[in-house]
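Q: for reference, the sequence and a predicted model appear below.
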Amino acid sequence: MKTYLEILKEKEIYALNHQKEPTAMKLLMLHVSEKSNEQLLMGLSDEMPENQAELFSQLAKKYVEDGYPVQHLIGFEYFFGYPFIVNEHVLIPRYETEELAQHILLYYDEFFDGKKIDAVDIGTGSGCLAIAISLEENNINMVATDISEEALLVAEKNNEQLKSQVTFLKGDMLEPVLDYAFDLLISNPPYIPNEEYVEALVKDHEPHVALFGGLDGLDFYRKILKDADKVMKPTFMMAFEHAFDKAKELKGLILEYFPNATVVQKKDMQGKDRMTFVFQT
């Protein structure tokens, strides 16, 4: 029998030889062995049980040769320090969206001064944004919407497991909340232009309804902004994630609907224009 370390090294080389991330092999080994990172490190010289080694080999092949995202194979991804269930019905949370959540929380303190507010997350997917923000700030009463029933089932599971208090509603964009009034609107809608190239790992394994946003990638922002005045209180904040090359167009679109608003745009850690915030007083 080979040790955990010997088998891990073999699979890391296997991944590298197929131009895949070798770090994924450690995630798969942690999943299969049901060990914490510390436990695995302490026991690398132990022999790996045959049943674990066989399952590990199967999952490694699914990742390396069959192209499955490692998050789907282990069943979760961390977002803002919380483990979120993910599968083929929801987008895998991205680091850029963590940055959006961080800015929202900072602006909440600055703009709302810690007051209790009502917020909505449009197109919630796994619920990562809505749930993380709700868990981080108790004074934000969060509602979230999605058109996909399958996505909402995932979001509800995350809501339950993470013991958050988000209310989820099914429907297209703002349609389920037209009778509500919000201080804060958040959305990371589908924004890839329909004809843009998307790598197979994403296109083949993540829901197209959560990826593509029309010919120019801005269709869902138009839908949201068209109806936003029906659900926003007189003083409000909105926060969007978007494609790095659409910041100028999105700002123009926002000012068409809210000409008196202040629009602030932020770069992500890669220096790309990825986040837009709207303030109206």
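A: Alright, I've got the coordinates.

Q: who does the lengthiest strand in the chain pair up with?
A: Scanning the chain for the strand with the most residues, using DSSP state E, yields strand 232-241. Here strand 232-241 is paired, per DSSP bridges, with strand 182-187 (parallel), strand 273-280 (antiparallel).

Q: ranges for the helices of the stretch 51-200 of the chain?
A: Under the criterion DSSP state H, counting those that start in this stretch, helices of the stretch 51-200 of the chain are mapped to 70-74, 95-112, 128-136, 149-161, 200-203.

Q: what sits up against the longest one?
A: Think helix 95-112. The contact list for helix 95-112, computed with CB atoms under 8 Å, 6 or more residues apart in numbering, reads 79-80, 117, 128-129, 132-133, 136-137, 140, 183-184, 186, 188, 237, 239, 241, 266, 268-270, 274-275, 277, 279. For glycine as for every other residue, the C-beta is placed from the backbone atoms N, C-alpha and C.

Q: what do you get if the cut-off is 6 Å, keeping everything else the same?
A: Here helix 95-112 makes contact (CB atoms under 6 Å, 6 or more residues apart in numbering) with Phe80, Leu129, Ala132, Ile133, Glu136, Asn188, Met237, Ala239, Glu241, Asp268, Arg274, Met275.

Q: low-confidence ranges in the chain?
A: 190-217 (pLDDT under 70).

Q: tell me how it divides into domains.
A: As recorded under automatic domain parsing, the domains making up the chain are 4-74, 89-280.

Q: coming back round to it: and the longest strand of the chain, how far out from the chain middle?
A: Relative to the chain's own centre, strand 232-241 is displaced by 20 Å; criterion: CA atoms, centre = their mean, to the nearest Å.

Q: could you export the next helix-or-strand element following that strand as PDB, CA atoms only?
A: Downstream of strand 232-241, the first helix or strand assigned by DSSP states H and E is helix 247-257. The C-alpha trace of helix 247-257 is given here as PDB (Å, rounded to 0.1, in the frame of the first residue of the first chain):
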ATOM      1  CA  ALA A 247     -18.200  49.600 -16.500                       C
ATOM      2  CA  LYS A 248     -18.700  52.700 -18.700                       C
ATOM      3  CA  GLU A 249     -21.800  51.400 -20.500                       C
ATOM      4  CA  LEU A 250     -23.400  50.300 -17.200                       C
ATOM      5  CA  LYS A 251     -22.700  53.700 -15.600                       C
ATOM      6  CA  GLY A 252     -24.500  55.400 -18.600                       C
ATOM      7  CA  LEU A 253     -27.400  53.000 -18.300                       C
ATOM      8  CA  ILE A 254     -27.700  53.700 -14.500                       C
ATOM      9  CA  LEU A 255     -27.800  57.400 -15.100                       C
ATOM     10  CA  GLU A 256     -30.500  57.100 -17.700                       C
ATOM     11  CA  TYR A 257     -32.800  55.700 -15.000                       C
END
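
Q: residues contacting the helix or strand just after helix 247-257, please?
A: As assigned by DSSP H and E, the chain's next helix or strand after helix 247-257 is strand 262-267. For strand 262-267, contacts defined as CB under 6 Å, 6+ apart pick out Ala247, Lys251, Ile254, Asp273, Met275, Thr276, Phe277, Val278, Phe279.
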